[in-house]
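A.B. asks: Structural data only, the sequence is not supplied:
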Ligand code: SF4
């Protein structure tokens, strides 16, 4: 159905010529879901854009062929005149992108947008096209399609917009669908619905589907075959079952081991050291060699090719180089993965709240007590304007957090978890009505002012999701770290401050020369390390972590989670960890509180809530989380 041969995409960047996709080949059959996976910058989205001939202005296809269709009717996409390519795009190839809000035309009714696709690519016109559009809205699960067809996109929720995108993509009756991170912007329950819908429609229409994602759990539930990309090249192609049960490439093995979950609780995640190489160079050896734990001497000087090592299983690694007639050089059966129990030598006991008055005397008082916390935002005006009812983001929430403990606050977007965190750090005083009690070691932060509030502020710090947005780009790293110290630790002189910030960069794993550099000079993971160092600078007792790893790739997330846990053990700091990632919760949290519509639905020890949820919403939330198929573990190294 789709055959890509030796595709090369180059980007004319300011820093020089980047070989962003280098010699990619893959073939996808009718009715097959083929997943292209990899971390950011590996070239997977550029492959999709090259296939659609929608590369950004600085990018171009430097070589290769892309054939769509079978036999004599196949089209050479790269040779088609643009006018014919326009008919293919959206006609024979449908597209679904990550962000439905920006892909839909905001000033056009959704029905018109679907009708436009139908009229452009099928013989239907007028009333017949409208009737088909209503039918598509029904098929993608939009309730009351006869009425909703005349809605504008802004009247639809995120999940509904993505359903409309799918309806537009499929209304043209394509043979092939490209879905680039189709559910990344959605909550897990919506994600589950959209994936199920895609599966169903794909089965019905026998579509070829190229699914591009960084989420391996999504892949394991959707794809028949998987290709893993690293630094512009495919390094492994395999049937999905084989890939997850027995990944062969050292990078694939490392990625799967870097995923946080309950089996790795108490153990270190296997972070992949180093970073992805720059793509402006000519490589004389394996691109993964500087980070590969199994690298051999000749890996740095021999360029591995993508070769078939088992039927249907291709690999770019010198460990598994097939030698003609030498069975011993083929990959050996997988060695059993260390049992979960062996992999976690030390499991932290779950901290349970005291259960009755008799338990009180021995239990230390919690570090943080939140009682009936409510946050209301004014609607359509300032705090003092009367009129419309304020919007209640947090509604009488209560919980405790012990010293050195991690409480995960989970829930879908808009459930109030971030507002809860910000109210605790006292960031909402000027923008919302905050009521209730937030007691830190007995002092109610909501009722403090002046010097007392300043003193309390250094005890509670916050780390945000996006390290790009949360660091002032006009300050060097040393200034960023010193800023909080000057404000909140006025007793320290310049020398003491310098000593402290030098110790901090060491502690979070950055080099000392980082202090003289600007935030934009660092990668996402390094910036999050700077954000952690900044939070730690004033020696807080509690850090509110608002999705601190959700913008990071899996391998970098592993480094940051390891670091955060290490710091907790060493410094006894408590974390209120806001996240939607259940794997992270299982790995890190002692207790978990599940929020929905501003209220806590259920809270308790992590193992209990996640394994025996009592609340119907918690059960629905957990059921929607995509689960990676159980992996048998990495194979032994091939000595042949
Ligand atoms: Fe690359 Fe060698 Fe590691 Fe294989 S073993 S991934 S060829 S460095």
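C.D. replies: Okay, I see it. Remember, predicted model here, so these are calculated numbers, not experimental data.

A.B. asks: who in the stretch 301-450 of the chain is up against the ligand?
C.D. replies: 304, 317, 318, 319 (CB under 6 Å from any ligand atom). (C-beta placed from N, C-alpha, C; glycine too.)

A.B. asks: Just give me the neighbour total for residue 569.
C.D. replies: For residue 569, the count of nearby residues is 10 (other CB atoms under 10 Å).

A.B. asks: That one belongs to a helix?
C.D. replies: Yes: counting by DSSP: H, G, I helix; E, B strand; the rest coil, one finds residue 569 located in a helix.

A.B. asks: which residues in the stretch 151-300 of the chain form helices?
C.D. replies: With DSSP state H, counting those that start in this stretch as the definition, the stretch 151-300 of the chain shows helices at residue ranges 158-171, 188-205, 216-222, 240-245, 250-257.

A.B. asks: which helices and strands sit right next to the fourth one?
C.D. replies: Counting contacts by 3 or more CB pairs under 8 Å, 6 or more residues apart in numbering; DSSP states H and E, helix 240-245 packs against helix 216-222, strand 225-230.

A.B. asks: related to what we said a few turns ago, out of the residues of the stretch 301-450 of the chain next to the ligand, which is nearest to residue 249?
C.D. replies: Checking those against residue 249 with CB to CB, the nearest one is residue 317 at 5.3 Å.

A.B. asks: Near the ligand, which residues of this protein? Just list them.
C.D. replies: Counting by CB under 6 Å from any ligand atom, the chain comes close to the ligand at 250, 286, 288-289, 292, 294-296, 299, 304, 317-319.

A.B. asks: Distance check, the nearest residue to residue 219 once chain neighbours are set aside against the ligand.
C.D. replies: Closest residue in space to residue 219, ignoring its immediate chain neighbours: residue 35 at 4.2 Å, by CB to CB, 6 or more residues apart in numbering. With distances taken as CB to the nearest ligand atom, to the nearest Å, residue 35 is found 21 Å from the ligand.

A.B. asks: helix/strand/coil for residue 35?
C.D. replies: Classified using three-state DSSP, residue 35 is strand.

A.B. asks: In contact with it: list those residues for me.
C.D. replies: Going by CB atoms under 8 Å, 6 or more residues apart in numbering, residue 35 touches 211, 212, 213, 219, 222, 223, 225, 226, 227, 240.

A.B. asks: can I get the helices of the stretch 151-300 of the chain in JSON lines with distance to residue 397 and mean pLDDT?
C.D. replies: JSON lines is the format used below for the helices of the stretch 151-300 of the chain (distance: least, CB to CB, whole Å; pLDDT from 0 to 100):
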{"stretch": "helix 158-171", "distance to residue 397": "24", "mean pLDDT": "86"}
{"stretch": "helix 188-205", "distance to residue 397": "21", "mean pLDDT": "84"}
{"stretch": "helix 216-222", "distance to residue 397": "29", "mean pLDDT": "89"}
{"stretch": "helix 240-245", "distance to residue 397": "38", "mean pLDDT": "93"}
{"stretch": "helix 250-257", "distance to residue 397": "36", "mean pLDDT": "93"}
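
A.B. asks: Just put the ones you listed in JSON lines and tack on mean neighbour count and distance to residue 129.
C.D. replies: What follows is the helices of the stretch 151-300 of the chain, written out as JSON lines (neighbours: other CB atoms under 10 Å; distance: least, CB to CB, whole Å):
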{"stretch": "helix 158-171", "mean neighbour count": "24", "distance to residue 129": "9"}
{"stretch": "helix 188-205", "mean neighbour count": "18", "distance to residue 129": "18"}
{"stretch": "helix 216-222", "mean neighbour count": "21", "distance to residue 129": "31"}
{"stretch": "helix 240-245", "mean neighbour count": "19", "distance to residue 129": "37"}
{"stretch": "helix 250-257", "mean neighbour count": "23", "distance to residue 129": "45"}
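
A.B. asks: looking at those, which is closest to residue 436?
C.D. replies: helix 188-205 (28.4 Å).

A.B. asks: contacts for the closest one?
C.D. replies: Helix 188-205 has contacts (CB under 8 Å, 6+ apart) with 31, 33, 139-141, 158-159, 162-163, 166, 170, 173, 177, 179, 182-183, 186, 207, 209, 218, 221-222, 412, 580, 582, 620-621, 623-626.

A.B. asks: filter those residues to the buried ones?
C.D. replies: Buried members of the contacts of helix 188-205, scored by 16 or more other CB atoms under 10 Å, are 33, 139-141, 158-159, 162-163, 166, 170, 177, 179, 182-183, 186, 207, 209, 218, 221-222, 412, 580, 582, 621, 624-626.

A.B. asks: quick revisit: I'd like the helices and strands packed on helix 240-245 as a markdown table, with distance to residue 443 appended.
C.D. replies: Compiled in a markdown table, those are given as follows (distance: least, CB to CB, whole Å):
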| stretch | distance to residue 443 |
| --- | --- |
| helix 216-222 | 42 |
| strand 225-230 | 51 |
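
A.B. asks: For residue 558, find the nearest of these.
C.D. replies: Short answer: helix 216-222, nearest of the helices and strands packed on helix 240-245 by CB to CB, at 13.1 Å.

A.B. asks: same for the closest one, what does it pack against?
C.D. replies: Checked by 3+ CB pairs under 8 Å, 6+ apart, helix 216-222 has strand 33-37, helix 188-205, strand 208-213, helix 240-245 packed alongside it.

A.B. asks: Figure out which of these is closest to residue 84.
C.D. replies: The closest of the helices and strands packed on helix 216-222 to residue 84 is strand 208-213. By CB to CB, the value is 19.8 Å.

A.B. asks: That closest one packs against which elements?
C.D. replies: Using 3+ CB pairs under 8 Å, 6+ apart, strand 208-213 is in contact with strand 16-28, strand 33-37, helix 44-52, strand 176-180, helix 216-222.

A.B. asks: so how far is that strand off the chain centroid?
C.D. replies: 17 Å (CA atoms, centre = their mean, to the nearest Å).

A.B. asks: Excluding chain neighbours, what is closest to whichever residue of the stretch 351-500 of the chain sits closest to the ligand?
C.D. replies: When scored by CB to the nearest ligand atom, the stretch 351-500 of the chain has residue 467 as its residue closest to the ligand, at 29.2 Å. Nearest non-adjacent residue to residue 467, counting by CB to CB, 6+ apart: residue 527, 3.5 Å away.

A.B. asks: That neighbour and the ligand, how far apart?
C.D. replies: As judged by CB to the nearest ligand atom, residue 527 and the ligand stand 28 Å apart.

A.B. asks: Kindly report the same for residue 608.
C.D. replies: Look at residue 608 and the ligand: by CB to the nearest ligand atom, they are 41 Å apart.

A.B. asks: Provide the backbone phi and psi angles at that residue.
C.D. replies: Residue 608 adopts backbone torsions of phi -70, psi -50, taken as degrees, to the nearest 10.

A.B. asks: Farthest pair within the contacts of residue 35?
C.D. replies: Farthest pair in the contacts of residue 35, by CB to CB: 212 and 240, 14.7 Å.

A.B. asks: that older thread, let's see the pLDDT reported for the residue of the stretch 351-500 of the chain closest to the ligand.
C.D. replies: Residue 467 carries a pLDDT value of 72.

A.B. asks: Please apply the same query to residue 225.
C.D. replies: Per-residue confidence (pLDDT) for residue 225: 96.

A.B. asks: what's the closest non-adjacent residue to the most centrally placed residue in the chain?
C.D. replies: The C-alpha lying nearest the average C-alpha coordinate of the chain belongs to residue 550 (CA atoms, centre = their mean; 4.9 Å). Sequence neighbours aside, residue 465 is the residue nearest to residue 550 in space, at 5.6 Å (criterion: CB to CB, 6+ apart).

A.B. asks: right, and the one you found touches residue 548 too?
C.D. replies: Yes: here residue 465 lies in contact with residue 548, judged by CB atoms under 8 Å, at a distance of 6.5 Å.

A.B. asks: Neighbour count: the two, which is higher?
C.D. replies: The residue with more neighbours, out of residue 465 and residue 548, is residue 548; 29 against 20, by other CB under 10 Å.

A.B. asks: My read is that the more buried one contacts residue 464, right?
C.D. replies: Yes: Residue 548 lies in contact with residue 464 (CB under 8 Å); the separation is 7.4 Å.
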